[in-house]
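**Student:** I'd like to go over a predicted model; first the sequence, then the structure.
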Amino acid sequence: MSKTIINSDKAPKPVGPYNHSVLVNGILFISGQIAIDPTNGELIQDNIEAETHQVLKNLGAILEEAGCTYEDVVKCSVFVSDMGMYGRINAIYAEYFNEDTAPARELVEVANLPKYVNVEISAIASKS
């Protein structure tokens with residue numbers, strides 16, 4: 001097994017004992033990202049649209065560091081604090097993932113997320 005740790009200076013530092021991503025045999029496992037602005041460490045919580053954009057930008061920075069793009073993502077897990085935001089999150093998500101090539105995904109409501117954010121997204125990408 002080949003295992004490589006990949007972190008990005010363009011994504012916020014992990015808030016716990018984990019790495020941004022791990023590459024194993026051509027599969028990139030990306031840790032859940034929240035809406036922390038990597039330039040100043042501040043949470044983006046103006047509205048769910050801005051929060052979702054920042055989450056996906058952070059995810060994109062990690063993909064880029066690994067030599068991947070959003071097109072390489074095969075699976076996303078989306079965690080939200082309120083299912084009532086589903087449509088608004090989906091609208092932003094669709095700006096990053098083309099409907100014809102979008103990854104598999106689940107979106108689930110949870111009681112709490114790190115730093116009490118409204119959305120967290122993790123992903124799996126194929127680097128082949």
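**Tutor:** Structure's in. What do you need? Numbering: from 1, shown residues only.

**Student:** nearest spatial neighbour of residue 83, skipping sequence neighbours?
**Tutor:** Leaving aside its chain neighbours, residue 83 sits nearest to residue 109 (4.4 Å; criterion: CB to CB, 6 or more residues apart in numbering). Any C-beta I mention is one placed from the backbone N, CA and C, and that applies to glycine too.

**Student:** ok, that neighbour - contacts?
**Tutor:** Residue 109 makes contact with 79, 80, 81, 82, 83, according to CB atoms under 8 Å, 6 or more residues apart in numbering.

**Student:** repeat the analysis, applying 7 Å as the threshold.
**Tutor:** By CB atoms under 7 Å, 6 or more residues apart in numbering, the residues touching residue 109 are 80, 82, 83.

**Student:** with residue 70 instead?
**Tutor:** Residue 70 is in contact with 60, 63, 96, 97, counting by CB under 7 Å, 6+ apart.

**Student:** would a markdown table of the residues you listed with secondary structure, pLDDT and distance to residue 104 be doable?
**Tutor:** As requested, the contacts of residue 70 are exported to a markdown table (DSSP: H, G, I helix; E, B strand; the rest coil; pLDDT from 0 to 100; distance: CB to CB, whole Å):
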| residue | secondary structure | pLDDT | distance to residue 104 |
| --- | --- | --- | --- |
| 60 | helix | 98 | 19 |
| 63 | helix | 98 | 16 |
| 96 | helix | 98 | 15 |
| 97 | coil | 97 | 11 |
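
**Student:** the chain: strands as residue ranges?
**Tutor:** For the chain, the strands defined by DSSP state E cover 3-6, 21-24, 27-33, 73-80, 104-109, 119-126.

**Student:** format those strands as JSON lines; extra columns: mean pLDDT and distance to residue 91.
**Tutor:** Converted to JSON lines, these look like this (pLDDT from 0 to 100; distance: least, CB to CB, whole Å):
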{"stretch": "strand 3-6", "mean pLDDT": "96", "distance to residue 91": "29"}
{"stretch": "strand 21-24", "mean pLDDT": "98", "distance to residue 91": "26"}
{"stretch": "strand 27-33", "mean pLDDT": "98", "distance to residue 91": "18"}
{"stretch": "strand 73-80", "mean pLDDT": "98", "distance to residue 91": "13"}
{"stretch": "strand 104-109", "mean pLDDT": "97", "distance to residue 91": "13"}
{"stretch": "strand 119-126", "mean pLDDT": "98", "distance to residue 91": "13"}
